[in-house]
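Novice: Sequence below, structure please.
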Amino acid sequence: YTTMVYRAPEMVDLYKRYTISVQVDVWMLGCILFTLMFYRHPFQEESALAISNAAYMIPDNKFSAKLNKLVHWLLALNPSDRPTSAALVDLL
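Specialist: Presented below is the predicted three-dimensional model:
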């Protein structure tokens with residue numbers, strides 16, 4: 001169980017039939033990184049529909065393209081498109 005804004009799309013829309021796995025934690029990490037970068041949650045004022053479609057906008061910013069791409073990767077709609085924890089460790 002989690003707070004709604006931290007739930008991954010596979011937890012919000014069960015009809016998509018994505019497997020609920022550790023990739024949920026990767027999604028949550030993306031939410032936390034987004035919040036640290038922009039001082040707001042990517043789905044702070046959005047609905048479950050926005051979460052289930054991974055509909056968020058990255059504001060204009062001065063962060064590196066690599067960091068912006070990491071946020072997009074962590075918040076990928078399909079859990080199989082998100083990085084594994086091993087891939088994240090290798091990235092660091």
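
Novice: Residue 16 versus the residue nearest to residue 83 when sequence neighbours are not counted, what's the distance?
Specialist: Ranked by C-beta to C-beta, 6 or more residues apart in numbering and with sequence neighbours excluded, the top spatial neighbour of residue 83 is residue 73, at 5.6 Å. (C-beta placed from N, C-alpha, C; glycine too.) Residue 73 sits 19 Å away from residue 16, taking C-beta to C-beta, to the nearest Å as the criterion.

Novice: Who has more neighbours out of the two?
Specialist: Higher neighbour count among residue 73 and residue 16: residue 73, with 16 against 13, using other C-beta atoms under 10 Å.

Novice: List the residue ranges of the protein that fall below the pLDDT cut-off.
Specialist: Scanning the chain for pLDDT under 70 picks out the ranges 1-2.

Novice: how about the residue positioned nearest the centre of it, what does it touch?
Specialist: In the chain, the residue lying closest to the centroid (C-alpha atoms, centre = their mean) is residue 75, at 2.6 Å. By C-beta atoms under 8 Å, 6 or more residues apart in numbering, the contact set of residue 75 is 27, 30-31, 34, 42, 54, 56, 82.

Novice: Could you pull out the buried residues of the longest helix along the chain?
Specialist: Ranked by number of residues, the top helix in the chain under DSSP state H is helix 23-38. By neighbour count on 16 or more other C-beta atoms under 10 Å, the buried set for helix 23-38 is 23-24, 26-31, 33-34, 37-38.

Novice: all helices in the protein, in order from the N-terminus.
Specialist: 9-12, 23-38, 48-52, 65-74, 85-91.

Novice: Dump those to TSV, plus distance to residue 3.
Specialist: TSV is the format used below for the helices of the chain (distance: least, C-beta to C-beta, whole Å):
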stretch	distance to residue 3
helix 9-12	11
helix 23-38	10
helix 48-52	11
helix 65-74	17
helix 85-91	22
